[in-house]
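In: got a sequence here, can you build the structure:
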Amino acid sequence: MNTDKYLHYLDSLSEYRRVHSLNVSSEAVRFAEKYGGDVEKARLAGLLHDVTKETDNEKQLQIIENGGIILTELEKRSPKLWHAISGACFVRDVIGIDDPDIFNAIRYHTTARAGMSRLEKIIFLADFTSAERDYPDIDVIREHAEHSLEEGMLYGIKFTISRLVGRGNLVSPDALAAYNDILLSKSD
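Out: As a prediction, the model looks like this:
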């Protein structure tokens, strides 16, 4: 799979978002190599995960509707989640990459979900830990991600949920389900 032919989809992004997308792609490749994932799918999903991040809200909602997705009430009230959903639809419906694993990796890179595939976990973590990221606990999250995908995911989800709750924001049921799913799988 030649991912270079998809680079032009980043041209409409800001310089920061373009660099971030390239960094996520690079980190996703590293995680795929480390954890036995599909390197080319990781490269592509990482590259395109934020393809609609800077698209205006009205257009994102149109992409989502055209993609056949019906937003939950929480999703309707959480515009910061829309780019993941619209991005997955854009990659599938406009670019023409009809791979359910890539769709889901992009779709859930912000919230996570229960039952994530290896690729979904890789993209979630690569987005969380990409080179330009600089926020409290980034070193701790990176350290956990080096031990296992699940450790990194668990710490990342806990970090996200506590920040959302601390700010009085809504918390996606997908994030809670992912957290519980990882804990339940650790106790097996």
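In: at the geometric centre of this structure, which residue do we find?
Out: Of all residues in the chain, the one closest to the mean position by Cα atoms, centre = their mean is His109, 1.6 Å from it.
In: residue contacts, that residue?
Out: His49, Ala84, Glu120, Ile123, Phe124, Asp127 (Cβ atoms under 8 Å, 6 or more residues apart in numbering). All C-beta atoms are positioned from the backbone trio N, CA, C, and that covers glycine.
In: who's in contact with stretch 65-76?
Out: Residues contacting stretch 65-76 (Cβ under 8 Å, 6+ apart): 64, 81-82, 85-86, 88-90, 92-93, 170, 172-173.
In: show me what counts as buried in it.
Out: Gly67, Ile69, Glu75 (16 or more other Cβ atoms under 10 Å).
In: kindly report the same for stretch 156-166.
Out: Gly156, Ile157, Phe159, Thr160, Ile161.
In: let me see the contact set for the closest residue to the first one other than its chain neighbours.
Out: The reference is to Gly156. Setting aside the residues directly before and after it, Gly156 is nearest to Phe128 in space (Cβ to Cβ, 6 or more residues apart in numbering), at 4.8 Å. Taking Cβ under 8 Å, 6+ apart, we find Phe128 in contact with Ile141, Ala145, Gly152, Gly156.
In: most neighbours among these, which one?
Out: Neighbour counts for the contacts of Phe128 (other Cβ atoms under 10 Å) peak at Ala145, which has 27 neighbours.
In: mind checking pLDDT for that one?
Out: Predicted confidence (pLDDT) for Ala145: 96.
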